[in-house]
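1. Here's my sequence, what's the structure:
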Amino acid sequence: MPNVNGGTPFGKLMRNYRWNSVQTASAAIPGLTVGHTYRFQWISASPRGGNISVEGSPSTALTGASDHPTVLTFTWTATDDTANILVTRQNSPHYGGGYDSEMLWNGYALHDMSVTGGYDSWAAAQVPPLLGGPGTVGNDGLANLLVYAIKDLKTDGTNTSAGTLTGRLLSFAKRPEAVANGDVTYEIETSPDLNDPWTTVTPDSEDDTTINYTLPANAGEIYGRLKVSIP
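-> You can find the predicted model right below:
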C-alpha cells in the first residue's frame, strides 16, 4: 500500500469528550512502506489549545480558528509499517466544570512522498490537502476523482457543473495534470431514465483536452453523464 491518503479523521477519537485534566489520545495508521518518506498534514480548525506529535517528533502546538484553519506538516522516513500519532488535549473550561474537546474536530492527510504522480500526489498537494479517497464526495456532490479529472474544477466543494451542454453537445474538459499522469479513464454514458444500467457510448471526439458526445435528437427522453475511473 504505497499511497495513503485521508482515512478516518483522527478528531473522531476525541470529539464530545469532557475531561477534568490534561489527557491524551493516540492513533496508529497502518499501511506504510519501510524506507519511504511520508508527509502527515493535520488540519486544526479550532482555537482551543493542544499539542500533537507524529512518530515521536517534538510536540507541536495546535492552534487555529474555524475560519482560518492551521495546517501542520510532519515529514519522516518510515522505519516500520505504522504511523503513530499522539495528541494532548489542554484544559479549557466547560459549563458545569470539566473540559471539552471541540478543538479536535479536524482532518488529516498522509501521503507517501516516495511515490510521485497520480491522484494521490495531486490531492496531497492541494491547500488545504484534499482529504478522503477518490470516491469521497464534496459539498457540491462531486467526487474527488472527478474534481481531479476535470479542468478548472475547484477543491472547495463549490462547483456547479463538471461539463457543458450546448444544444445536444455534451462536453467535458480534461485536467492537464490528470492526462499527463495517465491514471484516469474517461467515458460518457447515457440513460433514458437515470436508472441503472447506464450505456457507455462512443464519443464524437476525444483527445488530451476534451471528450464530447452529441445526444441523439430522436431518442425521446435521454440523459448523459461522464464516468471517470482509475484503471
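2. Report the separation between the residue nearest in space to the middle of the chain and residue 111.
-> Closest residue to the average C-alpha location of the chain: residue 131 at 2.7 Å, with CA atoms, centre = their mean. Counting by CB to CB, to the nearest Å, the gap from residue 131 to residue 111 is 11 Å. Bear in mind the C-beta positions are built from the backbone N, C-alpha and C, glycine included.
3. Next, the contact list for the residue nearest to residue 122 when sequence neighbours are not counted, please.
-> Once its chain neighbours are removed from consideration, residue 122 has its nearest residue in residue 148; the separation is 5.6 Å (CB to CB, 6 or more residues apart in numbering). The neighbourhood of residue 148, defined by CB atoms under 8 Å, 6 or more residues apart in numbering, consists of 119, 122, 123, 134, 175, 177, 178, 184.
4. wait, what's in contact with the nearest residue to residue 210 once chain neighbours are set aside?
-> Spatial nearest neighbour of residue 210, chain neighbours left out: residue 173 (5.4 Å); criterion: CB to CB, 6+ apart. The contact partners of residue 173, by CB under 8 Å, 6+ apart, come to 150, 151, 152, 163, 209, 210.
5. In terms of distance to residue 189, which of the residues you listed ranks first?
-> Sorting those by distance to residue 189 puts residue 163 at the head of the list, at 12.6 Å, by CB to CB.
6. The helix or strand where residue 227 lies pairs with which strands, and in what direction?
-> When secondary structure is defined by DSSP states H and E, residue 227 falls within strand 223-229. Partner strands for strand 223-229, per DSSP bridges, with pairing direction: strand 185-191 (antiparallel).
7. tell me the average confidence for the strand it pairs with?
-> The predicted model gives strand 185-191 an average pLDDT of 96.
8. Leaving out sequence neighbours, find the closest residue to residue 231.
-> On the basis of CB to CB, 6+ apart, the spatially nearest residue to residue 231 that is not a chain neighbour turns out to be residue 185, at 5.7 Å.
9. Quick check: bridge partners of the one you found?
-> Taking DSSP bridges, one obtains residue 229 as the residues bridged to residue 185.
10. Name all residues that make contact with it.
-> Residue 185 makes contact with 228, 229, 230, 231 under the criterion CB under 8 Å, 6+ apart.
11. I'd say the last one and residue 181 touch.
-> Spelled out, that is residue 231. No. Using CB atoms under 8 Å, residue 231 makes no contact with residue 181, being 11.6 Å away.
12. between these two, who's got more neighbours?
-> When neighbours are counted by other CB atoms under 10 Å, residue 231 and residue 181 differ, and residue 181 comes out ahead with 16 against 6.
13. Next up, phi/psi of the more buried one, please.
-> The phi and psi values for residue 181, taken as degrees, to the nearest 10, are phi -70, psi -20.
14. In contact with it, which residues are there?
-> Under the criterion of CB under 8 Å, 6+ apart, the neighbours of residue 181 are 117, 118, 119, 122.
15. ditto for residue 124
-> For residue 124, the contacting residues are 5, 39, 41, 109, 111, 130, taking CB under 8 Å, 6+ apart as the criterion.
16. Filter these down to the ones in strands?
-> With strands defined by DSSP state E, the entries of these inside them are 39, 41, 109, 111.
17. Which SSE is immediately downstream of the worst-scoring helix or strand of the chain on mean pLDDT?
-> Confidence across the helices and strands of the chain bottoms out at strand 107-112, with a mean of 72, counting by mean pLDDT, DSSP states H and E. Using DSSP H and E, the helix or strand that directly follows strand 107-112 along the chain is helix 118-125.
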